[in-house]
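>>> only geometry, no sequence info:
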Ligand SMILES: N[C@H](CCC[C@H](N)C(=O)O)C(=O)O
């Protein structure tokens with residue numbers, strides 16, 4: 001049996017369950033089978049693995065791969081990025097980071113109060129960018145509905161790419177009243193989304209706030225999703241439902257989202273360390289550290 005060989009930390013960002021895996025000392029990768037095995041155990045159950053690799057490009061601090069609970073890869077993970085920042089700043093004291101991901105560069109900063117901001121880049125609204133399977137000129141509301149044809153339960157979502165694909169359905173009432181566990185899988189895998197999609201329902205609560213829940217692509221229901229919070233805030237501002245700075249409430253906590261005039265989306269929120277250990281990236285075998293140390297390195 002392979003020996004657990006790389007350090008990891010179990011963390012969360014607003015309740016989004018994250019494993020930060022330190023792959024800087026190895027050329028191996030976290031295998032999809034290892035991810036699925038880790039996701040299947042209660043102790044290590046996670047929404048995303050953030051695998052930190054040696055930087056590939058000068059001027060960047062690390063190369064980060066994002067792996068969903070089903071072993072698939074995601075282009076963005078806001079909550080996980082804050083966890084990576086906290087793990088690395090605890091190790092070195094550095095507070096500003098530039099990460100490279102398969103989807104591009106991410107700039108992040110830890111503030112004095114411990115909150116962390118991530119520049120999630122610019123949203124993309126073109127139907128090919130999201131991507132959608134067919135042309136929609138206006139992605140503020142696309143033709144898509146679920147439920148009885150004459151009385152749909154959810155319809156006309158705003159769609160946007162935050163690096164990864166998102167659909168936001170606007171609802172008038174309580175987001176907890178809808179069976180997202182039932183509609184989520186159908187919408188995630190709907191043929192209109194050739195790369196699947198993260199599915200959220202959002203209720204506007206004021207010109208500066210909204211409440212939402214997310215069914216994540218490759219994961220399922222989560223307690224929070226940073227890129228979905230950005231997607232909802234941007235879509236709310238774009239459809240004149242809110243201002244460009246929005247407080248987003250999810251089951252696991254609050255994020256503040258600012259859609260700057262230069263189009264960049266800045267997400268600010270907490271990250272929390274839970275425990276650490278060693279794992280084998282090939283199999284997912286792991287051991288917990290006996291003493292609860294703070295660093296992952
Ligand atoms: N939890 C993440 C998003 C994961 C998105 C992933 N499920 C995908 O396949 O795009 C976040 O905080 O942004």
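Cool, the structure landed. A quick note: this is a predicted structure, and the numbers were derived from the prediction, not measured.
>>> let me know the helix or strand that the closest residue to residue 111 other than its chain neighbours is in.
Nearest non-adjacent residue to residue 111, counting by C-beta to C-beta, 6 or more residues apart in numbering: residue 117, 6.9 Å away. Using the backbone N, CA and C atoms, a C-beta is placed for each residue, glycine as well. In this assignment (DSSP states H and E), residue 117 forms part of strand 116-119.
>>> what do you get for residue 201?
Applying DSSP H and E as the criterion places residue 201 in strand 198-206.
>>> buried ones in stretch 52-67?
Across stretch 52-67, burial judged by 16 or more other C-beta atoms under 10 Å covers 52-53, 55, 60-67.
>>> of all those residues, which comes closest to residue 94?
The closest of the buried residues of stretch 52-67 to residue 94 turns out to be residue 61 (C-beta to C-beta; 7.6 Å).
>>> which non-adjacent residue is nearest residue 183?
Nearest-residue entry for residue 183: residue 146, 5.3 Å, with adjacent residues in sequence omitted and distances by C-beta to C-beta, 6+ apart.
>>> beta partners of that neighbour?
Beta bridges link residue 146 to residue 154 when assigned by DSSP bridges.
>>> that one: how many residues sit nearby?
16 (other C-beta atoms under 10 Å).
>>> residue 34 too?
24.
>>> what about the closest residue to it other than its chain neighbours, how many residues close to it?
Among residues not flanking residue 34 along the chain, residue 284 sits closest, at 3.7 Å (C-beta to C-beta, 6+ apart). A total of 23 residues lie near residue 284 under the criterion other C-beta under 10 Å.
>>> related to what we said a few turns ago, so what's the residue nearest to residue 111 up against?
By C-beta atoms under 8 Å, 6 or more residues apart in numbering, the contact list for residue 117 reads 108-109, 111, 266-268.
>>> just residue 132 next, same as before
Applying C-beta under 8 Å, 6+ apart to residue 132 gives the contacts 139, 142, 159, 192-194.
>>> picking that back up, does anything pack onto the strand holding residue 201? Which helices or strands?
Where contact means 3 or more C-beta pairs under 8 Å, 6 or more residues apart in numbering; DSSP states H and E, strand 198-206 is packed against strand 165-170, helix 180-188, strand 209-216, helix 226-238.
>>> not counting the third one itself, show me its contacts.
Okay, so that is strand 209-216. Contacts to strand 209-216, defined as C-beta under 8 Å, 6+ apart, come from residues 47, 68, 168, 175-176, 180-181, 183-185, 187-188, 198-205, 221-222, 224-225, 228-229, 232-233, 236, 241-242, 246-251.
>>> show the subsequent helix or strand relative to it.
Sequence-wise, the next helix or strand downstream of strand 209-216 (DSSP H and E) is strand 220-222.
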